[in-house]
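J.: got a predicted structure here, sequence first:
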Amino acid sequence: MKANLENDEMPYFHDKVKGNPGFSVPEGYFETLPDILVDKLKGELEIGKKQSKSRKSIRSLWHATSKLKWAAAVTLLLMGSAYFLQKDAIQPTSEAMASEEEILQYFIEDAGTLSDEELAMLPLDEDAIDMEIPEEELEDWIENLEDTDLEQLLN
Amino acid sequence: MEISDDDILLWLKTPGQQEKGFRALVSKYSERLYWHIRKMVIEHEDANDVLQNTFLKTFRGIEKYKGNAALYTWLYRIATNESLTFLEKLKRRKTVNIDDAANTLDRQLKSEAYYEGDHIQRTLQLAIATLPDKQKMVFNMRYFDNMKYEDISQILQTSVGALKASYHHAKNKIEEYVRHRSGL
């Protein structure tokens, strides 16, 4: 080992240089470093928590949307079947048939008491609905959405 | 009394005690790791960034530490990787020619607020700047930190023989540089 060390020595540089490259640090740097790093870590953990919550909410939202899609598809299928089964049995006259405007009027007047299913059957006027939700608002909504809210919505 | 690595690791892995463990880890190793990094990246601000990344990555990856090597060896390895990655990024941004490395460092040291080296210390730094990064790392660990080749071997995952050869080449290049520049 001694031989190695001797072999490793450099005659041009005196002892002062060995172990001391000449760098310095701001006063109190090492004393304040743990606090700075703990603050950084806490900030990171907070962000991590928020992101994880958002991801969880988005997943729940996705599941909720999927369930609603399935429910809508099944409802349409049942309604279609019922229509064709009853078509031959009852042939309403054109006078007896309510116009689309009348149906719409009925729904608008009774909108406050409509069930989700009835609301889903309303004719969709795409121009009347602003589909452009600002991304910021959407993110805020997703962030603040609790999983329990979605569970309540589904029940 | 210095806190043992076992205590630090236990705290780091125990919910509710992680902050205590992280503080203990930083307090125990920040100085040693800082100087290891600083000798590679030169400027204090850069060394500070690399050191902070080293600790944050250590915390995030603490579950991956299986205890096969000493904790300080693992930390040194992360710090070494972080330093080399930093230097790679810097090279890509600045495209520093190895021949210009000493001149670049000379300017860097002149503007660095936290450098107090005398003429000889500065000359040695300029000579080291001409070495490839990995050789520089080996030289610093051996010459300044007086580390055993066996320990360096564990950190850099390189054989002792290769490290000895690397140090020998580095030493020759430095001597050559000093002879040429200073007429010693």
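T.: Perfect, I can see it now.

J.: which helix or which strand is home to the residue in chain B positioned nearest to chain A?
T.: Residue nearest to chain A within chain B (Cβ to the nearest Cβ): residue B:117, separated by 2.2 Å. Where C-beta positions appear, they are placed from N, C-alpha and C, glycine not excepted. Counting by DSSP states H and E, there is no helix or strand that carries residue B:117.

J.: list the contacts of it.
T.: The neighbours of residue B:117, taking Cβ atoms under 8 Å, 6 or more residues apart in numbering or on different chains as the test, are A:21, A:22, A:23, B:109, B:125.

J.: and residue B:126, by the same measure?
T.: Each residue near residue B:126 by Cβ under 8 Å, 6+ apart is listed here: B:102, B:105, B:106, B:177, B:181.

J.: leaving aside the residues adjacent along the chain, what's closest to it?
T.: The shortest distance from residue B:126 to any non-neighbouring residue, by Cβ to Cβ, 6 or more residues apart in numbering or on different chains, is to residue B:102 (4.3 Å).

J.: tell me which of the contacts of residue B:126 fall in helices.
T.: Counted as lying in helices by DSSP state H, out of the contacts of residue B:126, are B:102, B:105, B:106, B:177, B:181.

J.: quickly name whichever of those residues is closest to residue B:44.
T.: Among these, residue B:105 lies closest to residue B:44 (Cβ to Cβ), at 14.5 Å.

J.: neighbours around that closest one, how many?
T.: Other residues lying near residue B:105 total 20 when counted by other Cβ atoms under 10 Å in any protein chain shown.

J.: quick check: it touching residue B:42?
T.: Yes - using Cβ atoms under 8 Å, residue B:105 is in contact with residue B:42, at 6.6 Å.

J.: so who does the residue nearest to residue B:126 touch?
T.: B:126, B:127, B:129, B:130, B:177.

J.: for the residues you listed, work out which two are farthest apart.
T.: B:129 and B:177 (9.2 Å).

J.: now for chain A, the helix or strand with the poorest mean pLDDT.
T.: Here the helix or strand of chain A ranked lowest by mean pLDDT, DSSP states H and E is helix A:147-154, holding a mean of 44.

J.: how about chain B?
T.: Ranking chain B's helices and strands by mean pLDDT, DSSP H and E puts helix B:101-111 last, a mean of 78.

J.: show the subsequent helix or strand relative to it.
T.: Per DSSP H and E, the first helix or strand lying C-terminal to helix B:101-111 is helix B:119-129.

J.: what residues are up against the residue of chain A found nearest chain B?
T.: Proximity of chain A to chain B (Cβ to the nearest Cβ) peaks at residue A:22, 2.2 Å away. Applying Cβ under 8 Å, 6+ apart to residue A:22 gives the contacts B:115, B:116, B:117, B:118, B:121, B:122, B:125.

J.: and it, its phi and psi?
T.: Here is the backbone geometry of residue A:22 (degrees, to the nearest 10): phi 100, psi 0.
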